[in-house]
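1. 3D model of this:
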Amino acid sequence: MESEYRMPPKPENTEGAMRTLGIELEFASEDGLQLAELVNRLFEGKIDRIDPHLFKIRDTPLGTFTIELDTQYVHWKKPESAESDWMDELLPKELFDDLIEALGDVMKYVVPYELVTPPIPLDRLPECDRLLAELRKLKLKGTDEGFFYAFGMHLNPEVAEQNHVWILDVLRAYLLVADWLHEQMGIDLARKLSPYIRACPEPYILKVLQPKYQPDEETFIRDYVKFNDTRNRELDLFPLLSHINEPLMQKLVTDDLTKPRPTFHLRLPDCRLNDPDWSISHHWNLWVQVEELADDKARLEAMSLAYIQHADKLFKGKWAQKIPEFLNR
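-> Predicted structure coming up:
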């Protein structure tokens, strides 16, 4: 298992601070409190039980960790207002809470628990290996232990530059190597069938890879939303675009779940905690190769033109087979 976390070409943000990475792990578990106690033991914080299936581990040296059953239906709270009096008569608060807890106890067998880390400075990422090792000891179920376990890992790398020009180059680089990344990750069948594992539509890919495509910020955002009117993308830019131009995104997108933040949101296909060869560092290092390609303007343009030519061929073969030729230059 890899343990080295490589640094990207731009390890610092525009303020000169070390960039951060937020990590989200999905897996099957029967005990959220046990998970919270594990994280608290490793990172020495304070457990805050929000509800039976939602825990915050606060005041750790890294920040706040969250553990929750990944469905909004078990975290719903009764409104505390005069209008809720009639609800109290029909369903007292204690009974309501018991019903929500029981619902969560049933749903944890079909939906995953999610462990969300705080933004971790890149030079402290090796601390994630200790967390992963302890989670494995709990014998949690990962993606490949059930046909319908479409569990994944999400990476939220803080951007190096909060401008659309750099973001566009990273997006281009990702789209160019996505097929190769899928092979390196060994995507599980359940994830291949999942709506979350989708690259951008081919017309959009061909549009943004054109060297003459040099949009201003508003045009870039409008084009992205026009061709990607969903968050179900491998590389989801909605939170990032909302951060750099929230008024425009509010006009274009009605998704209330989008929270502005200066990070990419990369949905990775698997979370195989039971596999000793599966690691966070492996997937992070693949992302670093994306940023390395984005940072090499000449190589990025050459690869973009090669992709456009490849897409125009009638008998084109597999693009993924041509990617290492560019990455190894």
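2. C-alpha only now, for contacts and for neighbours.
-> Fine.
3. now the strands for this protein?
-> Remark: strands assigned in the chain by DSSP state E are 20-27, 46-51, 54-60, 63-69, 113-116, 120-121, 153-157, 235-236, 265-268.
4. Flag the shaky bits of the stretch 151-300 of the chain, pLDDT-wise.
-> 186-198, 256-257 (pLDDT under 70).
5. run the last query once more with 80
-> In the predicted model, the stretch 151-300 of the chain carries pLDDT under 80 at residues 151, 185-199, 255-258, 269.
6. Counting neighbours, which bits of stretch 160-172 end up buried?
-> Buried residues in stretch 160-172, defined by neighbour count with 16 or more other Cα atoms under 10 Å: 160, 162, 164, 166, 167, 168, 169, 170, 171, 172.
7. what does stretch 207-219 give?
-> For stretch 207-219, burial by neighbour count (16+ other Cα under 10 Å) applies to 208, 209.
8. same deal with stretch 3-15?
-> For stretch 3-15, burial by neighbour count (16+ other Cα under 10 Å) applies to 5, 6, 7, 8, 10, 11, 12.
9. Skip the chain neighbours and tell me the closest residue to the second one.
-> What it means is residue 6. Spatial nearest neighbour of residue 6, excluding adjacent residues (Cα to Cα, 6 or more residues apart in numbering): residue 285 at 5.8 Å.
10. what's the burial count for residue 326?
-> Number of residues near residue 326 (other Cα atoms under 10 Å) recorded here: 14.
11. what do you get for residue 239?
-> Look at residue 239: counted by other Cα under 10 Å, it has 20 neighbours.
12. go on, residue 247?
-> By other Cα under 10 Å, 10 other residues sit near residue 247.
13. Run through who's touching the helix ranked longest in the chain.
-> Longest helix of the chain, by residue count under DSSP state H: helix 164-185. If you take Cα atoms under 8 Å, 6 or more residues apart in numbering as the criterion, helix 164-185 is touched by 159, 161, 199-200, 205, 208-209, 216-217, 220, 235, 269-270, 283, 286, 290-291, 293-295, 300, 303-304, 307, 319-321, 323.
14. about what we covered before: tell me if I'm right that the residue nearest to residue 6 and residue 3 touch.
-> No. Residue 285 lies out of contact with residue 3 (Cα atoms under 8 Å); the separation is 10.2 Å.
15. burial measure for residue 201, as a count.
-> When neighbours are counted by other Cα under 10 Å, residue 201 registers 11.
16. again with residue 126
-> 14.
17. For stretch 39-59, what does the pLDDT average out to?
-> Taken as a whole, stretch 39-59 carries a mean pLDDT of 93.
18. heads up, I number from 45, so please use that
-> Noted, 45 is the first residue going forward, which turns the last one into stretch 83-103.
19. Can you give me the end-to-end span of it?
-> Terminal residues of stretch 83-103 lie 12 Å apart, using Cα to Cα, to the nearest Å.
20. in that stretch, what counts as buried?
-> So stretch 83-103, judged by 16+ other Cα under 10 Å, has buried residues 83-84, 87-91, 95-102.
21. roughly how far out does it sit from the chain middle?
-> 21 Å (Cα atoms, centre = their mean, to the nearest Å).
22. Run through the residues that contact residue 64.
-> 163, 164, 165, 166, 201, 202.
23. partner residues bridging it?
-> residue 165 (DSSP bridges).
24. Do I have it right that residue 48 meets residue 325?
-> Yes. Counting by Cα under 8 Å, residue 48 touches residue 325, with 6.4 Å between them.
25. what about the residue positioned nearest the centre of the chain, distance to residue 311?
-> Centroid-nearest residue in the chain: residue 198, 2.6 Å away (criterion: Cα atoms, centre = their mean). Distance of residue 198 to residue 311, computed by Cα to Cα: 5 Å.
26. can you list the domains in the chain?
-> Split into domains by automatic domain parsing, the chain comes to 63-184, 201-305+338-373.
27. Out of these, the one nearest residue 320 is which?
-> Between residue 320 and these, the tightest spacing by Cα to Cα is seen for domain 63-184, at 8.7 Å.
28. For the closest one, measure first residue to last.
-> End-to-end for domain 63-184, by Cα to Cα: 30 Å.
29. now the strands of the chain as JSON lines including distance to residue 269?
-> Listed next are the strands of the chain as JSON lines, based on distance: least, Cα to Cα, whole Å:
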{"stretch": "strand 64-71", "distance to residue 269": "24"}
{"stretch": "strand 90-95", "distance to residue 269": "35"}
{"stretch": "strand 98-104", "distance to residue 269": "32"}
{"stretch": "strand 107-113", "distance to residue 269": "30"}
{"stretch": "strand 157-160", "distance to residue 269": "27"}
{"stretch": "strand 164-165", "distance to residue 269": "29"}
{"stretch": "strand 197-201", "distance to residue 269": "20"}
{"stretch": "strand 279-280", "distance to residue 269": "11"}
{"stretch": "strand 309-312", "distance to residue 269": "15"}
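30. Between those strands, which one is closest to residue 296.
-> Closest among the strands of the chain, using Cα to Cα: strand 279-280, at 15.2 Å.
31. returning to what we had before: output the buried residues of stretch 47-59 in TSV; the columns should cover distance to residue 372 and pLDDT.
-> Output for the buried residues of stretch 47-59, formatted as TSV (distance: Cα to Cα, whole Å; pLDDT from 0 to 100):
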residue	distance to residue 372	pLDDT
49	19	97
50	16	97
51	17	98
52	16	98
54	20	98
55	21	98
56	25	98
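32. Many thanks, we can stop here.
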